[in-house]
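Asks: Sequence and predicted model, in that order:
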Amino acid sequence: MSVTGAQAQSYSLTIPLPARAAGLAGDLTLPRAARGLVIFAHGSGSSRLSPRNRMVARTLQDAGFGTLLFDLLTPQEEAVDAVSGQLRFDILFLAGRLEAVTEWVAAQTFAQPLALGYFGASTGAAAALVASARHPGLVAAIVSRGGRPDLAGPLLREVAAPTLLIVGAADTTVLRLNRTALASLGSREKELAVVTGATHLFEEPGTLERAAELAAGWFARHLTSRQSSAVPG
């Protein structure tokens, strides 16, 4: 299947993983001549269908980036987590799941020319930082929206990828945690962007759009594809 002009083709796929998971559902959008590919890691209790992450994904797509939104948990795991709430805060488990998906993506023909990035929200941001620290060079840039980088613990010092932390000004507790985490981040290039008027979910008018613009700008600086991408068909 070919894509022409500025159009993008969306793909729904089941991502095959090792035996520790039966398979995860993911939505891939790949523009023609993509500038890079951003893998999303959603927050606690969320999914790939999160309207906030999908809105950010559309902004990135409009900027020429491919996006992959996938569920960190299988349906069976989600059912267990809905009762216990344990898996959503198991950062090492979530990071391992993210690493497996990233390795799968990197092995695909369509991704060969593409630099990879992570966009993480809430606990998904911690998973993205841990995955990056445990596999240096796996991704070229990371953006966290309303994230909990503090949950990455001592591995924060091992993160080398350029990292942008986006936090709402009214999300005072998370803002404090991000300021502390910023000092511990090992990245040479790291920034904290505070969005005026935003609370934790960026539900206030214009705040999520601002966060998406900041993310697109960060990836534009740090993700550079090696050549025009081949759209999978």
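Replies: Good, I have the coordinates.

Asks: And the average pLDDT for stretch 164-182 is what?
Replies: Stretch 164-182 comes out with an average pLDDT of 97.

Asks: what does stretch 186-201 give?
Replies: Per-residue scores along stretch 186-201 average to 96.

Asks: Show me the beta-bridge partners of residue 192.
Replies: Here residue 192 sits in beta bridges with residue 165, going by DSSP bridges.

Asks: which ones are touching it?
Replies: 164-165, 167, 178-179, 182 (Cβ atoms under 8 Å, 6 or more residues apart in numbering). (C-beta placed from N, C-alpha, C; glycine too.)

Asks: now, which of the residues you listed sits nearest residue 130?
Replies: The closest of the contacts of residue 192 to residue 130 turns out to be residue 165 (Cβ to Cβ; 15.0 Å).

Asks: In contact with that closest one, which residues?
Replies: Residues near residue 165 by Cβ under 8 Å, 6+ apart: 144, 147, 149, 178, 181-182, 190-193.

Asks: One more pass at 6 Å, please.
Replies: Residue 165 makes contacts with 144, 178, 192, as judged by Cβ atoms under 6 Å, 6 or more residues apart in numbering.

Asks: can you redo the residues you listed as TSV with distance to residue 28?
Replies: Output for those, formatted as TSV (distance: Cβ to Cβ, whole Å):
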residue	distance to residue 28
144	22
178	29
192	30
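
Asks: Okay, helices next: where are they in this protein?
Replies: Under the criterion DSSP state H, helices of the chain are mapped to 51-62, 75-84, 91-106, 123-134, 172-184, 207-222.

Asks: what's the most buried one of these?
Replies: Stretch with highest mean neighbour count among the helices of the chain: helix 123-134 (a mean of 28; mean count of other Cβ atoms under 10 Å).

Asks: angle of it against helix 172-184?
Replies: Interaxial angle, helix 123-134 versus helix 172-184 (axes from the mean of the first three to the mean of the last three Cα atoms, to 10 degrees): 10 degrees.

Asks: Just checking the distance from helix 123-134 to the centre of its chain.
Replies: On the basis of Cα atoms, centre = their mean, to the nearest Å, helix 123-134 sits 9 Å off its chain's mean C-alpha point.

Asks: burial count for the closest residue to residue 181 other than its chain neighbours?
Replies: Excluding the flanking residues, the one nearest residue 181 by Cβ to Cβ, 6 or more residues apart in numbering is residue 149, at 3.8 Å. Residues near residue 149, counting by other Cβ atoms under 10 Å, number 27.

Asks: in this protein, which helix or strand is least confident?
Replies: Lowest on mean pLDDT, DSSP states H and E among the helices and strands of the chain sits strand 8-15, with a mean of 54.

Asks: Where does pLDDT dip in the protein?
Replies: Residue ranges of the chain with pLDDT under 70: 1-23, 43-47, 75, 78-79, 81-88, 225-233.

Asks: Nearest the geometric middle of it, what residue?
Replies: What sits nearest the mean C-alpha location of the chain, by Cα atoms, centre = their mean, is residue 119, with 2.3 Å.
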